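Undergrad: Need coordinates for the below:
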Amino acid sequence: MLVALGMLPLCAAQSKPAAPAANASADVLVLGNGDTLHGKLVSEAADKVTFHSDSLGDVAVSWDKIKELHATERFAVLDKTMKLRGKKSANQIPAGTLEVADQTIVLQPENGAPAVRIPTKNAQYILDEATLKRQANHEPGFFAGWNGAATAGATLVSATENQYTVSGGVSLVRAVPEVGWLDPRNRTTADFTGSFGKITQPAYTVAGNPAATPPIPPSTVAAVITETAIYHAGAERDEYIARHFFGLAQTAFDHNFSQNLALQQIYGGGVGWTAIKTPKQELDVKGTLQYESQEFLATAATAADPTPPPPTPNMNLIGSTFSASYALHLKMVTYTQALSFIPSYNEPHAYSANETDTLAFPAFKDLSFSVGTLDSYLDDAPLSEPPTKPNSFQFTMGLTYAIKPK
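TA: Coordinates of the predicted model:
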């Protein structure tokens, strides 16, 4: 009996489940206070190491809080003292299995080459080797890598007059590579904006006066319909000559009913300069030489002059587009502005100008609330009744959805 009782603790100890062992293939992060995390090294940027732990999720830790770091996969380290210019220099970025101790990164290449040592203070970025190769050498397919936004808004009024206005737009940009720490190779942009509105004054009957001399019969006032329609579509391809200079080819199509402009087409090429490029703001300045075609709507006869006016001749122009585009990204708002001046060299009076301004405020996840203005000026707008104003201004509000690549 004593022997049997004596065996109980031993059996209980043997039946107690063992504590799960740490994953031998997991990366290990040892903090300065002795805490140890097991998981996966994600990346490093701006002196912040992002480490994923199953229990804590993504954790951002500065280098001064890290005692040791051991990664099982191959990583590349971009040394801030190294100048990166094009694919050739990108392929010289050191990569290998990564160990960190005493504020020093040690990379061990797989080909038996000597280990590379980089002080943590010089590590501008750390990323997995596959990502580096994709960004440095891969050219995405046509439908891949697009960023941008889609905006939509509408107004509906039902009263003595019925009115509705719909507006929307899509802007897309694809930069190759997608990251800012490699020299840009090319950039493709496409955009469309449109606004259509209609105001309808229904027909109505004016009562007559049969007691008058002579009697006044009832009369009907015809319905009056006023329409507005403004559309713009454009595309541009940039090929970078240097980090901040690029050649470009562009096309643009515009329609503005209120300016009697049926269609304006632009085809041209030129050069551009990225004057400012930081994570928060970017400024591009461009100049082109181009062919421009302007087609105008036929103007109608008026009661005062029932003879239809002669049609405004279509214009074939040689000119330029001088433009600037600016974007400012803050925590609570994103501001974008685009300015363009389009002179004509063979018909100096046929110039135009455009300005767009947009403010977007984050609302929920990828949705934001946006307000914007579009101001366009067409100096050679044809004469008509009522008189055509050369300037067109519109104010829009709507919801914007951010488009991101997979």
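
Undergrad: from here on, contacts and neighbour counts on C-alpha atoms
TA: OK.

Undergrad: Please enumerate the helices of the stretch 51-200 of the chain.
TA: Per DSSP state H, counting those that start in this stretch, the stretch 51-200 of the chain carries helices over the ranges 86-90, 129-137.

Undergrad: least reliable of the ones you listed going by mean pLDDT?
TA: In terms of average pLDDT, helix 86-90 trails the rest of the helices of the stretch 51-200 of the chain, at a mean of 60.

Undergrad: contacting residues around residue 359?
TA: Residues counted as contacts of residue 359 (CA atoms under 8 Å, 6 or more residues apart in numbering) are 333, 334, 335, 336, 370, 371, 372.

Undergrad: What's opposite it in the beta bridge?
TA: With DSSP bridges as the criterion, residue 359 is bridged to residue 335, residue 371.

Undergrad: how about the closest residue to residue 344 other than its chain neighbours, what does it touch?
TA: Leaving aside its sequence neighbours, residue 344 sits nearest to residue 319 (CA to CA, 6 or more residues apart in numbering; 4.2 Å). For residue 319, the contacting residues are 289, 290, 291, 292, 342, 343, 344, 345, 346, by CA under 8 Å, 6+ apart.

Undergrad: what's the pLDDT at the closest residue to the first one other than its chain neighbours?
TA: Right, residue 289. The shortest distance from residue 289 to any non-neighbouring residue, by CA to CA, 6+ apart, is to residue 320 (4.5 Å). Per-residue confidence (pLDDT) for residue 320: 97.

Undergrad: So residue 320 sits against residue 286, correct?
TA: No: Residue 320 is beyond contact range of residue 286, at 10.2 Å (criterion: CA atoms under 8 Å).

Undergrad: Looking at the two, which is more packed in?
TA: More crowded of residue 320 and residue 286, by other CA atoms under 10 Å: residue 320, with 24 against 20.

Undergrad: now residue 347, what's its secondary structure?
TA: When classified by DSSP: H, G, I helix; E, B strand; the rest coil, residue 347 comes out as coil.

Undergrad: Next up, the contacts around the residue nearest to residue 289.
TA: Here residue 320 is in contact with 268, 287, 288, 289, 290, 342, 343, 344 (CA under 8 Å, 6+ apart).

Undergrad: Run through the stretch 251-400 of the chain and note the low-pLDDT ranges.
TA: Residue ranges of the stretch 251-400 of the chain with pLDDT under 70: 299-312, 384-386.

Undergrad: Need the buried ones from the contacts of residue 319 selected in ChimeraX.
TA: In ChimeraX, a selection of the buried entries from the contacts of residue 319 looks like this (16 or more other CA atoms under 10 Å):
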select :289,290,291,292,342,343,344
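
Undergrad: Could you single out the nearest of the contacts of residue 319 to residue 391?
TA: Distances from residue 391 to these, taken as CA to CA, are shortest for residue 342 (14.5 Å).
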